[in-house]
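K.L.:
pasting the sequence and the predicted model now:
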Amino acid sequence: MHTTLPHKKKYTELILLRSLVCLIVSLVALGLIIMSLDDIGWTWDEVYYFESSQFQIKWAKGLYHSLFTGKLGTALSQRIVDESWLWDIYHNPHPPLYKILSGTGWLLFKNVLGDFAAFRLSSAFFASILIGALFLTIEKRHGILPALYGSCSLLFMPLFFGHAHIAATEIPLMTFWFLCYWAFWRGLNRLSGSLLLGLFWGCALATKFTGVLIPVPFLLWSILFRKKEAARNSICALILAPIIAVLVNPGWWYQPLNKIISFIQASTTRQESIRINSFFLGTLYEFSPPWYYSLFMLAVTIPITICFTILLGIAFQVKEKFRNSYDLLFLLNIPVIVGVTMLPKAPVHDGIRQFISVLPFLAYLSAIGWYYLMEIVSSAISTAALKKWGCALMLLLLIMYPAYQVQKIHPYELSYYNELIGGVQGAHERGMETTYWFDVVNRQFLDVLNSKIPSGAKLSVWPPNVKYFEFLQEKDKIKKDLKFLNVKINLVCVEKKCTLKFKPETPEYLILMSRRGWLISLYEGIYEKAKPLYSLTFDSVPLISIYRW
């Protein structure tokens, strides 16, 4: 009995240490993101998500008041529910859970942080939860230092850090996806894990259609390792997840079967309903880029030190002959997610946004690579103290580099490219898209717009999203005496003299975002040959410009 007490004490101390390190890493991540929540420009989609969230909040308030006025039937009528929860399906096609969470953050903190930062707060919290979950998952198998490297690898991937500031589907879906796999492993031995798997998968389905892919890797894993214990997980998930997905989406409460079928059809036929171009290596693709797009994009948008440890992680798994079931449960997500993007007519566009959920699993793989690297370093050093210092130094060096990359490119994280393609400038020269989502309409650009453009001026916008700029006017980000126009342009030629004719009004200025995949011939000519009145650039690459017509 007495011999077991030191072991229990040591185990307790280890649990406390891992919990403390996990908490510190999560809080640091949360703090870094919150401090810069309003630095990145408001994105195209956030405008529609914010407005949709306002309809949901209005409905919830109406439902609350109806409990005391006896008009519950009105608040719960199909017309009111559909109007509140299925608003503008074209621009706002996803299920509403992430908007509910963003709206809750806005409601609680708008007076402290302002509209934009408060609406984005839930993404920051989700990112910190994901960082913590990743740490605990890696630590369980490989120890504290590899877990610290893996969680920091994810945090300092510029594209992850950038998306953690944006109130959209990416960070919530990524978090629910990873938590599903944490819960699945727990569910092999505990009923609570199976129930949590159903909960997290239901939340993922209530966030984005892509969530339907979540079970594929764990079903493959169950077959590969012949795990009968996985049956309870699968049953709980298949029963609970659809129920939760419908419960948190009042828009599906009436005629749920018809609406879910319509949602699936719209999501699987996007090449017909929402065709979004991709500009990739100097070629314009009208819907789906080449099959190797995702592999190429991941290779050039993840900092090279992390790419290096990812490759070492692959080498370690090959050395171990892919025998560890715990590691493979998480790592199988990588070929599944990337493999889906290689299918014909897969909706892949906007950088890595459509397959960004692969990043936590790549960070897990990078932690394994760091562990393997430390094995190599330790075997080359005989002194125990030097081994510890060598591992600590290697950890610091490999983490400082991606952290520096985030600091260097902020607030243009969504434009990041690594040295393999020559950074942002090299990517631009090689025909890559360097911006796509209006995230470059940041404080610096808005200051110029408000100070340099005269009051009463008329402006056209390309890509054409007047609603976006009018929304910023409503939120006092742009002065209200500017007029934004949707214009039709015709080339009129008389006696070899050609002029542009605008309808319904003639604008004086043009705001042109440098999304090359959307540049029709007129705007392509302006982008390549005309001198802008002002251009916001990074690494000498124009991201958004203002021209005088």
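P.N.:
Thanks, I have it. Quick caveat: nothing in here was measured; it's all calculated off a predicted structure. Numbers count the residues shown, from 1 in each chain.
K.L.:
can we go C-alpha only for contacts and neighbour counts from here?
P.N.:
Will do.
K.L.:
just the residues contacting stretch 490-505, thanks.
P.N.:
485, 487-489 (Cα atoms under 8 Å, 6 or more residues apart in numbering).
K.L.:
could you dump those residues to TSV with secondary structure, distance to W437 and neighbour count?
P.N.:
As requested, the contacts of stretch 490-505 are exported to TSV (DSSP: H, G, I helix; E, B strand; the rest coil; distance: Cα to Cα, whole Å; neighbours: other Cα atoms under 10 Å):
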residue	secondary structure	distance to W437	neighbour count
L485	strand	19	22
V487	coil	21	17
K488	strand	22	13
I489	strand	24	13
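K.L.:
point to the residue nearest the middle of this structure.
P.N.:
The chain has E170 as the residue nearest its centroid, 3.1 Å off, counting by Cα atoms, centre = their mean.
K.L.:
wait, that residue sits on L359?
P.N.:
No. Applying Cα atoms under 8 Å as the test, E170 and L359 come out as separate, 10.9 Å apart.
K.L.:
toward the C-terminus from the helix or strand containing A266, list the very next helix or strand.
P.N.:
Taking DSSP states H and E as the definition, one finds A266 inside helix 256-268. Helices and strands here follow DSSP H and E; after helix 256-268, the next one along the chain is helix 270-273.
K.L.:
who does the helix or strand following that next one pair up with?
P.N.:
Next helix or strand after helix 270-273 toward the C-terminus (DSSP H and E): strand 278-280. Sheet pairing of strand 278-280 (DSSP bridges) gives strand 283-285 (antiparallel).
K.L.:
residues contacting the strand it pairs with, please?
P.N.:
Counting by Cα under 8 Å, 6+ apart, residues outside strand 283-285 touching it are 277-279, 431, 517.
K.L.:
residues near F322, how many?
P.N.:
Residues contacting F322 under the criterion other Cα atoms under 10 Å number 13.
K.L.:
OK, contacts around it?
P.N.:
Contacts here follow Cα under 8 Å, 6+ apart; on that basis F322 touches L328.
K.L.:
one more time with 10 Å
P.N.:
Residues counted as contacts of F322 (Cα atoms under 10 Å, 6 or more residues apart in numbering) are 314, 316, 328, 331.
K.L.:
wait, which of these is closest to V21?
P.N.:
L331 (23.7 Å; Cα to Cα).
K.L.:
mind checking the SS state of the closest residue to the closest one other than its chain neighbours?
P.N.:
Nearest residue to L331, sequence neighbours excluded (Cα to Cα, 6 or more residues apart in numbering): F361, at 6.0 Å. Secondary structure assignment for F361 (DSSP: H, G, I helix; E, B strand; the rest coil): helix.
K.L.:
what separation is there between F361 and K531?
P.N.:
44 Å (Cα to Cα, to the nearest Å).
K.L.:
number of nearby residues for M432?
P.N.:
Neighbour tally, M432, other Cα under 10 Å: 24.
K.L.:
what about the helices in the stretch 301-450 of the chain?
P.N.:
Taking DSSP state H, counting those that start in this stretch as the criterion, the stretch 301-450 of the chain carries its helices at 304-319, 325-331, 333-341, 359-380, 384-409, 423-429, 443-452.
K.L.:
right, so of those helices, which gets closest to Q473?
P.N.:
helix 443-452 (10.6 Å).
K.L.:
show me how far the closest one is from its chain's centre.
P.N.:
Taking Cα atoms, centre = their mean, to the nearest Å, one finds helix 443-452 lying 27 Å from the centre of the chain it belongs to.
K.L.:
and the contacts of the helix holding A266?
P.N.:
89-90, 93-95, 208-210, 246, 249-253, 272-274, 345-347.
K.L.:
could you list the low-pLDDT ranges of the stretch 101-250 of the chain?
P.N.:
The stretch 101-250 of the chain contains no residues with pLDDT under 70.
K.L.:
same question, the chain
P.N.:
1-7, 273.
K.L.:
ok, now with 50
P.N.:
For the chain, the stretches flagged by pLDDT under 50 are 1, 3.
K.L.:
give me the phi and psi angles of the residue sitting furthest away from the middle of it.
P.N.:
Centroid-distance maximum for the chain: E495 at 52.8 Å, with Cα atoms, centre = their mean. Here is the backbone geometry of E495 (degrees, to the nearest 10): phi 50, psi 50.
K.L.:
go on, the one 10 residues further on?
P.N.:
Dihedral angles of E505 (phi, psi; degrees, to the nearest 10) stand at phi -130, psi 160.
K.L.:
mind starting the numbering at 346 from now?
P.N.:
Got it, first residue is 346 now, which makes that one E850.
K.L.:
tell me how many other residues surround it.
P.N.:
Quick note: E850 (other Cα under 10 Å) scores 14 neighbours.
K.L.:
can you tell me how far it is from K842?
P.N.:
E850 is 21 Å from K842, by Cα to Cα.
K.L.:
with E358 instead?
P.N.:
Counting by Cα to Cα, the gap from E358 to K842 is 83 Å.
K.L.:
what does L640 give?
P.N.:
Distance, L640 to K842, by Cα to Cα: 49 Å.
K.L.:
which one of the two has more residues nearby?
P.N.:
Remark: of L640 and K842, L640 carries more neighbours, 14 against 7, as counted by other Cα under 10 Å.
K.L.:
fine by me, thanks again.
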